[in-house]
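[1] Sequence first, then the predicted structure:
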Amino acid sequence: MREKRIAAYANDPSARAATAGPRKGFVSSSAVSICARPLPHPPEADRILLIRLGAVGDVVRTLPAASALRAAYPGAHIAWLVEPASRSAVEGQPWLDEVLVFPRGDLEQALRRGRLARAAAELLRWIRRLRRRRFDLVLDFHSIAKSALLARASGAPVRIGYARPYGREGSWWLATARARLRSPHVSRFVRNLGLVEFLGLGVAPYPAPLRVDPALRRRLAEALGDGSPPIVIHPGTSAATPHKRWGVAGWAAVASALGAEGQRVLVSHGRSPAEHATAEAIVAAAGGAAERAPETAGLGELAALLERARLFLGSDSGPLHVASLVGTPVVQLIGPTDPVENAPHPGTPSRTVRVPVACS
């Protein structure tokens, strides 16, 4: 019913106008306040823009906060500004009306070829299209110089970002209000919910902050076949973070031990040739104790796969946070990255195993 109601809001301007503004009596689900000084009154808004650029993992960890905003503004038009690589992480979510993609790749390609005028013209055209949407409120979850400039370029009269230390690169100067959190060291999930709480709305998340498409769920069920739910190992990380990865021999030993206990072990991977090769190497080294997971073309299919798993094993990566948001228990192997900032979703059973290294 809620999905149908949100679809009605998206397609019927009169229905949206009738329920514009924050929902009255929206109460925090947490007994502990995240924000030091929330706004005294929630801002009225019928058109809201969320900005969270960057890697898939960062975007995924913003989903619960964004869904909490939908619960508070059930009739508003909510759009998300994202970069191309993370587009699949937010498309298809029932509480989101629109996905706007910043043309980062096109701009970088034009600049690399020395076509400065072309890049400037493309950026100006894109900004004009953004301004025509006439947003009332922007929540800048990224809070760096680029995202703050995009928030300002939207023309929205109310722009919310983070105060320092979570606001960086002077982004706070372009915000009309800045959220200050009680602790300078919290997980990304908690930090993002703090920006919503700053509006004076509470932090109760909308049910199922990451929706799995039923058609993809059926396809993955057919691909996996009958049998007990598998344990999924995802050894890969983004190309820019090789320092987060554990070696083939270690993952193969884990797969062998689980296989000896009668567990079905799948090794999943991204679309890059390097991740394919790593998965193949683990399967080979495990000596028949593991098999390759079905191919997943995007975040939607990966979420459908991980939803069916009984357990997820991986490092600090976007897929681990996807698993935690679909309710699958996770074991996180942490090396040099911060175990507090990168903790799994607090609503999911999890265990973090940290290997302290000199570059932590």
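    Happy to help now that I have it.

[2] Going by C-alpha atoms from here, please, whenever you check contacts or count neighbours.
    OK.

[3] show me what contacts residue 298?
    Counting by Cα atoms under 8 Å, 6 or more residues apart in numbering, residue 298 makes contact with residue 88.

[4] Likewise for residue 188?
    Listed by Cα under 8 Å, 6+ apart, the contact set of residue 188 reads 58, 61-62, 341-343.

[5] do the same with residue 183
    Neighbours of residue 183 in contact, by Cα under 8 Å, 6+ apart: residue 34.

[6] would you say it is within a helix?
    No - counting by DSSP: H, G, I helix; E, B strand; the rest coil, one finds residue 183 to be coil, located in no helix.

[7] Going by neighbour count, which of the contacts of residue 188 comes out on top?
    Greatest neighbour count in these, by other Cα atoms under 10 Å, goes to residue 61: 27 neighbours.

[8] Can you name the helix or strand that residue 39 falls in?
    In this assignment (DSSP states H and E), residue 39 forms part of neither any helix nor any strand.

[9] Can we start the residue count at 687 from this point?
    Got it, the first residue is 687 from now on, which makes the last one we talked about residue 725.

[10] would you list every one of the strands in the stretch 937-1046 of the chain?
    Ranges of strands within the stretch 937-1046 of the chain are 951-953, 976-978, 997-1001, 1016-1020, 1036-1040, based on DSSP state E, counting those that start in this stretch.

[11] quick one: the first one to chain centroid distance?
    It refers to strand 951-953. Strand 951-953 sits 24 Å away from the centroid of its parent chain (Cα atoms, centre = their mean, to the nearest Å).

[12] residues contacting the residue nearest to residue 964 when sequence neighbours are not counted?
    The shortest distance from residue 964 to any non-neighbouring residue, by Cα to Cα, 6 or more residues apart in numbering, is to residue 934 (6.9 Å). By Cα under 8 Å, 6+ apart, residue 934 lies in contact with 964, 967-968, 971.

[13] Can you go through those and name the buried ones?
    Buried subset of the contacts of residue 934 (neighbour count, 16 or more other Cα atoms under 10 Å): 964, 968, 971.

[14] Closest one to residue 883 out of the residues you listed, please.
    residue 964 (41.5 Å; Cα to Cα).

[15] wouldn't residue 766 be in contact with residue 739 here?
    No - applying Cα atoms under 8 Å, one finds residue 766 not in contact with residue 739, separated by 9.4 Å.

[16] Report the mean per-residue pLDDT for the helix or strand containing residue 877.
    Here residue 877 is covered by helix 874-883, with elements defined by DSSP H and E. For helix 874-883, the mean pLDDT works out to 92.

[17] Other residues contacting the helix or strand that it is followed by?
    Elements were assigned by DSSP H and E; along the chain past helix 874-883, the next helix or strand is helix 900-910. Contact with helix 900-910 is made by 980, 986-987, 990-991, 994, as judged by Cα under 8 Å, 6+ apart.

[18] what's the closest of those residues to residue 788?
    Of all those, residue 986 has the smallest distance to residue 788: 20.4 Å, by Cα to Cα.

[19] Is there a neighbour count for that closest one? I'd like the number.
    For residue 986, the count of nearby residues is 22 (other Cα under 10 Å).
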